[in-house]
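In: Need a 3D model of the following:
(2 chains)
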Amino acid sequence: EAGVAQSPRYKIIEKRQSVAFWCNPISGHATLYWYQQILGQGPKLLIQFQNNGVVDDSQLPKDRFSAERLKGVDSTLKIQPAKLEDSAVYLCASSAGRWNEKLFFGSGTQLSVL
Amino acid sequence: DAKTTQPTSMDCAEGRAANLPCNHSTISGNEYVYWYRQIHSQGPQYIIHGLKNNETNEMASLIITEDRKSSTLILPHATLRDTAVYYCIVSLRGGNNRKLIWGLGTSLAVNP
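Out: Alright, predicted model coming up:
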């Protein structure tokens, strides 16, 4: 069974630039999550999709972050413009359903904002 | 805010059992306890979860106290590859959704 795929693995940008991350969840998984993990901390949920609808985006900084899940499969997370404090690992995860908390994670994208 | 309390770090000798404690004194009756681990530079990995009864799978055992206010994750024969940060998580109910709130976890070092 293929796992959750994320790209790129690493990204370095300057502040005020834009960046996008891509995620392909496990086939058939209806629920997709984007987490932000700052060094030394646990993951923080940014947004949760159920198929192509948003279930929870209460912690997404909507003035600069956006996410979409086209056709309920792949997802893209965008930051525009980036700030220094956005430096973190961005993790994508998927699960079989919103009540199923057995999440499968990708390896993440490590973002450095200079 | 995290609803669990875990020690910041622990050590364990290779081949011995690793017992990782977690306090979740405010857990509600239908909230589950989940354990994940995160090896360096990787995404978190699901280990086990439980509600009331003790659980065991190929990776670990989960012991939940009768009052459900605390639990212990047991790795029966720790190996060097078990060195990781271990997260104890209580699922949070809100509206028609349930989500995991992650704390800081316990950094487990398995030593040769």
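In: and chain B, which residues reach chain A?
Out: Residues of chain B found near chain A (Cβ under 8 Å from any Cβ of the partner chain) are B:2, B:32, B:34, B:36, B:41-46, B:49, B:87, B:91, B:94, B:97-100, B:102-105. (Glycine included, C-beta is placed from N, CA and C.)
In: In helices only, show me those.
Out: Within these, no residue falls in helices by DSSP state H.
In: Only the buried subset of the residues you listed, as a PyMOL command please.
Out: To isolate the buried members of the residues of chain B next to chain A in PyMOL, using 16 or more other Cβ atoms under 10 Å in any protein chain shown:
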select buried, chain B and resi 2+32+34+36+43+44+46+49+87+91+98+99+100+102+103+105
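In: Who's the closest spatial neighbour of residue 107, skipping the chain neighbours?
Out: Defaulting to chain A. Taking Cβ to Cβ, 6 or more residues apart in numbering or on different chains, and ignoring the residues beside it in sequence, A:Ser107 has B:Gly43 as its nearest neighbour in space, at 5.4 Å.
In: not quite, I wanted chain B
Out: Per Cβ to Cβ, 6+ apart, closest to B:Ser107 is B:Ser9, 4.5 Å.
In: and the gap between A:Phe65 and B:Gln6?
Out: Using Cβ to Cβ, to the nearest Å, A:Phe65 is found at 29 Å from B:Gln6.
In: So for B:Glu31, what's the pLDDT?
Out: pLDDT for B:Glu31: 86.
In: Ok, B:Asn97 next?
Out: What the model reports for B:Asn97 is a pLDDT of 69.
In: Show the contacting residues for residue 87.
Out: You didn't say which chain, so I picked chain A. A:Ser87 makes contact with A:38, A:111-113, according to Cβ atoms under 8 Å, 6 or more residues apart in numbering or on different chains.
In: not what I meant, chain B
Out: B:Tyr87 is in contact with A:42, B:6, B:35-38, B:44, B:102-103, B:105, counting by Cβ under 8 Å, 6+ apart.
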